[in-house]
Each structure stands twice: as C-alpha cells, then as structure tokens.
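Peer 1: need a structure here:
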Amino acid sequence: MKILVAVKRVVDYNVKVRLKPDGSDVDIAGAKMGINPFDENAIEEALRLKERGHVSEVVAVTLGMAACQDVLRHALAMGADRAILVETDVLLQPLGIARLLKAVVEREQPDLIILGKQAIDDDAGQTGQMLAALLGVGQGTFISAVDVHEGEVHVTREVDGGTETLALRLPAVVTADLRLNEPRYVKLPNLMMAKKKPIQTYQAVDFGIDASPHLKQLTVANPPTRKPGIKLDSVQELVEKLRTEKKVIG
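Peer 2: I've put the predicted structure just below:
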C-alpha cells in the first residue's frame, strides 16, 4: 500500500506577518517559513500506518517554487520514503492545487492520499474535498483517527454533534486535523541526511493543466481593533444595555 501526502510551505505559525504598504498582500519577505502544521500531522499518520505494517511506501509532494524543497526535506527527515516537487511560479489556489495533485496521483497511483485539513496561511480548507471530487473517490475530512482494513480505510471525524465514523473504499482522500496525532520530533542527524536525498521534480506546465487563479485578491487589511470590554455590576444592568445600546433583545 502506498500513501501520498501533500504538504505546503507556509509562514511559520510563530511569526506575526505584516501588511505591505499598499495593502495588496502580506509581506513575507525574510519571514521564517516552514511546513504547514496540519500537513505535518498528515505525514505523521502516514508514518504510523507504515510502522504498523499497513503501508509499504510514503511519498511526500508539494507544489511551488524551488524554495519549497525545504518542506519536502522536513518530510524526508520525519521518515518519508520519497519526495516530489511540482515546480511552478503561478499563484496557486485550492482548485489549481487539486488539479495538479490529481495529475500526480494518476502518475503515482497511491492507495490513500492524506492532506492537512487546511493551510494556516489562507485557511481555505478546500483542496482535499476538491481533489476527491476530481478523482471521483471517497473522502473523509477533519479526521481525528484512522485505521486501515482490507480494501478500506476507517476514519473518525469531528462533526457538530460529536464524532462520526466512516468506512471508505480505497483509493480515498482524507484530511488531517491537529487532534489526529502528535508529530514526532525531527532530530538533527535526520535533517542532515534528508538534505542529501534526491527530490523528483516535475514542471507544472508539463502536465498541461490550467492551474491559474480564478479569484482576484483586491486588498488585504488588518481586522478592526476590538473595543475594550466593560464590567457591569448586575445582570439587570447587562440586560438593560443589551436592550437599549446593542438592541439585541426586545
């Protein structure tokens, strides 16, 4: 059984990004970059399935510029067997990513595809669902547990009323939540060895796929400053303010 894990290079979650002066986007020049946290959970789960004897090969794939190799090196250091870079300078959005990943899936023929449930830069949370639809396979999103059975993968996912368990025929697409596991610590010797491992590179244009963005970003702004709260002396005073000032009750 082969697992393909999609990973994304994002600004490190500890970094507070700033806006460009013209408000066109966030300024990430010189910012510390790293692997998307949800994708790290996806890699960890693939490796755990391999350690339990369900999986023979774990392949990591990412899309973007040559600089994105660093997240593939991270995946290799964690224990992934191979890494694939689909190189492009196009600004990728979820549908374009899903289309390119579909092309990689058709070449690799994995039994299971795991993605993070969302990326922390745009928080779209759409790529996994779009990829499953394009492939015509089952999907399990926001999973907090996974197990492989004969020809199926059983996943537990969180829903509004609690949790639900799904049985998906393989091949399938699942997206990892942070509650799925605790990613392993990557040791320095493993990182050094990962730097020497080959990365298979494709050019996105060679797939003949239109991955251009369909949405145009007009402007980016900081959220409005939250007004300071006030302390009230009684419930009656709270009710009165909700009625007269906020007008949320009659």
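Peer 1: CA only for contacts and neighbour counts going forward, please
Peer 2: Noted.
Peer 1: residues of the helix or strand harbouring Ile97 that come out buried?
Peer 2: Per DSSP states H and E: Ile97 is located in helix 94-108. For helix 94-108, burial by neighbour count (16 or more other C-alpha atoms under 10 Å) applies to Pro94, Leu95, Gly96, Ile97, Ala98, Arg99, Leu100, Leu101, Lys102, Ala103, Val104, Val105.
Peer 1: now the residues you listed in CSV, with distance to Ile3 and pLDDT?
Peer 2: Putting those into CSV (distance: C-alpha to C-alpha, whole Å; pLDDT from 0 to 100) gives the following:
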residue, distance to Ile3, pLDDT
Pro94, 21, 93
Leu95, 21, 94
Gly96, 21, 93
Ile97, 18, 95
Ala98, 17, 95
Arg99, 18, 95
Leu100, 17, 96
Leu101, 13, 97
Lys102, 14, 97
Ala103, 15, 96
Val104, 12, 96
Val105, 10, 97
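Peer 1: which of those residues sits closest to Met1?
Peer 2: Val105 (13.7 Å; C-alpha to C-alpha).
Peer 1: okay, and the beta partners of the residue nearest to the spatial centre of the chain?
Peer 2: Centroid-nearest residue in the chain, with C-alpha atoms, centre = their mean: Gly116, separated by 3.2 Å. Applying DSSP bridges to Gly116 gives these bridge partners: Ala176.
Peer 1: that one against Asp177, yeah?
Peer 2: Yes - under the criterion of C-alpha atoms under 8 Å, Gly116 is in contact with Asp177, at a separation of 6.7 Å.
Peer 1: and for the two, which residues touch both?
Peer 2: Phe38, Asn41 (C-alpha atoms under 8 Å, 6 or more residues apart in numbering).
Peer 1: what are the buried residues along the longest strand out of those in the chain?
Peer 2: The strand of greatest length in the chain, counted in residues with DSSP state E as the criterion, is given as strand 138-149. Under the neighbour-count criterion of 16+ other C-alpha under 10 Å, strand 138-149 has Gly138, Gln139, Gly140, Thr141, Phe142, Ile143, Ser144, Ala145, Val146, Val148 buried.
Peer 1: what's the answer for stretch 64-74, then?
Peer 2: By neighbour count, with 16+ other C-alpha under 10 Å as the criterion, the buried positions of stretch 64-74 are Gly64, Cys68, Gln69, Asp70, Val71, Leu72, Arg73, His74.
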